[in-house]
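**Student:** Could you look at this predicted model? Sequence included:
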Amino acid sequence: MDVALVGCGRISRKHCEALEKVEGAKLVAVCDLIPDKAESTGRQWGVPWYTSYGTMLSELHPDVVNVCTESGNHAGVAIDVMKRFGCNVIVEKPIALRLSDADAMVATAREAGVRLFTVKQNRFNAPIQMLKRALDEGRFGRVLMITSRVRWHRAQDYYDQAPWRGTWAQDGGCISNQAIHHVDMMQWLGGPVASVYAASRRFLHRMEAEDAAVATWQFASGALGAFEATTCANPRDLEASITVLGKEGEVEIAGFAVNQVRTWAFVDERPEDKQVQDASYIPDSVYGFGHEALFRSVLQSLATGQPNMLEGDEGRKALELVSAMYESIEMGMPVELGTPYPHSRLGGPHVD
């Protein structure tokens, strides 16, 4: 399938590298509003480059468009691509900054007869896949607590690279940018969330949004969740981990990209448990290696028509949790899921 990429920023390299390794995927063009970015990316990967995605899509008619623009522009670009050009879309995280925009994206895909997917590559990490399988098989018994810690390093120059970074209108802070993958994994593993109670600070960086946050979650199942995120770790990335504690088992996946099995113990030991360490790996960055498996999964779903665990509705689930935490931060009180979040600052002044 022919794939075109819109947005040649920091994450675009990971998309291009992964697509090159996926059989049946062909990167046919790239686009960015900044000519130098578009040209350098196009030359690096040996494909045509554009500064107008409308021109690119009109000329090439790709099967899939990967949207890697600023987060605040995900919705506008994705909706236009699906509605005007009839292309399937893979949109980077977060799916959007406003729930109303995410809903419009899902509705547009349905009306246009195309597919919308969101990037949650950590779901494909081998240790996370094993953890999910253990949960589905009931090995934990009653799940008691799920904890996620994202302790990463971002120097000021990271935020200074582009004027939109760390802004409420286009990005948000460590919750919506860096830790949204871990928000997604907590709800994917633990199921629906009833309420959240969050607090945040801006400790070290010159930016609008937060660089540190904590939250407690109440899962609908009765389990408790503990969430921690920051970009204030110094001098380097410290960890990105997730822990599940149950009545009959305990698992901790650690490393700086949920890539290392640190603890794997169950009351009902199985022979295959001795091989769990084989699932650990050393990634080249906090992005891990999940993009390749993600693209392979999406292209297979497009070829067969089968459902996929990364459909647009899945992206909305993580965004709602992020919105609820931002609402709680502004209100200073617990917030129930499924209610409006009018005080959330993510995406700029708005009422969803």
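**Tutor:** All right, it came through fine.
**Student:** okay, and for the stretch 1-150 of the chain, where does confidence drop off?
**Tutor:** Scanning the stretch 1-150 of the chain for pLDDT under 70 picks out nothing.
**Student:** could you pull out the helices for the stretch 151-300 of the chain?
**Tutor:** Under the criterion DSSP state H, counting those that start in this stretch, helices of the stretch 151-300 of the chain are mapped to 156-160, 180-190, 290-304.
**Student:** chain center to the helix or strand following the longest one, what's the gap?
**Tutor:** Right, helix 290-304. Next helix or strand after helix 290-304 toward the C-terminus (DSSP states H and E): helix 312-331. Centroid separation for helix 312-331 versus its chain: 13 Å, with C-alpha atoms, centre = their mean, to the nearest Å.
**Student:** in helix 312-331, what counts as buried?
**Tutor:** In terms of neighbour count (16 or more other C-beta atoms under 10 Å), helix 312-331 has its buried residues at 312, 314-330. Quick note: C-beta positions are derived from backbone N, CA and C, even for glycine.
**Student:** if we can go back for a sec, and among the helices of the stretch 151-300 of the chain, the most buried is which?
**Tutor:** Of these, the one with the most neighbours on average (mean count of other C-beta atoms under 10 Å) is helix 180-190, at a mean of 23.
**Student:** I would like the residues contacting it, please.
**Tutor:** Residues from elsewhere that reach helix 180-190 (C-beta atoms under 8 Å, 6 or more residues apart in numbering): 93-94, 120-123, 128, 131-132, 135, 143, 146, 148, 150, 175, 193, 217, 219, 221, 223, 225, 227, 229, 240, 242, 244, 258, 314, 317-319, 321-322.
**Student:** buried subset of these?
**Tutor:** Here, 16+ other C-beta under 10 Å leaves 93-94, 120-123, 128, 131-132, 135, 143, 146, 148, 150, 175, 193, 217, 219, 223, 225, 227, 229, 240, 242, 244, 258, 314, 317-319, 321-322 buried among the contacts of helix 180-190.
**Student:** Let's see which of these end up in strands.
**Tutor:** Among these, the members found in strands (DSSP state E) are 143, 146, 148, 150, 193, 217, 219, 225, 227, 229, 240, 242, 244.
**Student:** Format the helices of the stretch 151-300 of the chain as TSV; extra columns: distance to His74 and mean pLDDT.
**Tutor:** Written out in TSV, the entries for those read as follows (distance: least, C-beta to C-beta, whole Å; pLDDT from 0 to 100):
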stretch	distance to His74	mean pLDDT
helix 156-160	19	97
helix 180-190	12	97
helix 290-304	16	96
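**Student:** Let me have the ones you listed in JSON lines, adding distance to Ala112 as columns.
**Tutor:** Listed next are those as JSON lines, based on distance: least, C-beta to C-beta, whole Å:
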{"stretch": "helix 156-160", "distance to Ala112": "36"}
{"stretch": "helix 180-190", "distance to Ala112": "25"}
{"stretch": "helix 290-304", "distance to Ala112": "14"}
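**Student:** Alright, that wraps it up for me.
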